[in-house]
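*Asks:* Got a sequence here, can you model it:
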Amino acid sequence: MAQDVFPATMMTWIDARLQEGEAGRGDLNQHIMSVYAWPLRVYFLGSRDRWLGDPDEVVQGFLADRLGKSGFFDEWRKSGMRLRRWMINAFCFYLKELRRKRQRNDSVEALGAESASPAGNPEQEFDRAYVVSLIRRALEQTQKVCEDEGLADHWHIFLLHYYQEQPYAGFAVDFGVDPPRAAVMARTAQRKFRSVLRDLVARDGSADDLDGEIRSLLEGIAP
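*Replies:* Model (predicted):
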């Protein structure tokens, strides 16, 4: 079932990390925390469970608990869910556990707090935060790839043009090149960014049409 649901790119990366033992599992957990900690925090703040405690402490408690379970990723693959849906479902179960614990300890306070209405649509806000977090992660990784390959100028030109929306003519001379050459350098970095982003999206268990999935994700955060 898992082979039918998950793309080979994602399966290869996940399996490779798990087969590396503790070091690989550490890399995998670090990826999960870097991408999901902030979106889960956003979800928590928009939910009716925000009374349960400090957002950072609740999210870190969840990640430490679930990522510490040896079968966490095996259960995910058996579920057939995309990773982001699996994470939010697991987080909801964790919050339910916290509610039950709090109600046992202080039933009057807990019942009163639990009646509070959600501030908005926490799942929608989670999805938006997830996309932003994913793009940030992709930018960080692309910068490292470019720097490791001696393409630091390519990276900075890409950032200036595509994210700060500056015309090549306004800064190309600062890098010792003309605008056409700057455009070529920016496209090189752009291809690397797209490759990194596609790999990160694949790890979520998305469909084989990763470019279509990326377009769908970006449309979801459009104003």
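*Asks:* what pLDDT does Ala113 get?
*Replies:* Looking at Ala113, its pLDDT stands at 50.
*Asks:* cool, and the one 3 residues further on?
*Replies:* Looking at Ala116, its pLDDT is 50.
*Asks:* longest single helix anywhere in the chain?
*Replies:* In the chain, assigned by DSSP state H, the helix with the most residues is helix 122-148.
*Asks:* Does the helix or strand following it pack against any helices or strands, and if so which?
*Replies:* Moving toward the C-terminus from helix 122-148, the next helix or strand (DSSP states H and E) is helix 152-158. Packing contacts for helix 152-158, counted by 3 or more Cβ pairs under 8 Å, 6 or more residues apart in numbering; DSSP states H and E, involve helix 122-148, helix 179-203. Glycine gets a C-beta too; all of them are placed from N, C-alpha and C.
*Asks:* Would you mind listing the outside residues contacting the last one?
*Replies:* In other words, helix 179-203. The contact list for helix 179-203 (Cβ atoms under 8 Å, 6 or more residues apart in numbering) reads 7, 9-10, 13-14, 31, 35, 83, 134-135, 137-139, 141-142, 145-146, 151, 153-155, 157-159, 161-162, 167-169, 171-172, 175, 177, 210-211, 213-214, 217.
*Asks:* That helix - what's its average pLDDT?
*Replies:* Averaging pLDDT along helix 179-203 gives 92.
*Asks:* so where's this protein shaky on pLDDT?
*Replies:* Scanning the chain for pLDDT under 70 picks out 1-12, 105-120, 205-211, 219-223.
*Asks:* in it, which residue is closest to the centre?
*Replies:* Central residue of the chain (Cα atoms, centre = their mean): Val35, 3.0 Å from the mean position.
*Asks:* Report the distance from whichever strand or helix holds that one to the chain centre.
*Replies:* Here Val35, judged by DSSP H and E, is contained in helix 22-45. Taking Cα atoms, centre = their mean, to the nearest Å, one finds the center of helix 22-45 at 8 Å from the center of the full chain.
*Asks:* can you give me how far stretch 35-54 is from the chain middle?
*Replies:* Relative to the mean C-alpha coordinate of its chain, stretch 35-54 is positioned 15 Å out (Cα atoms, centre = their mean).
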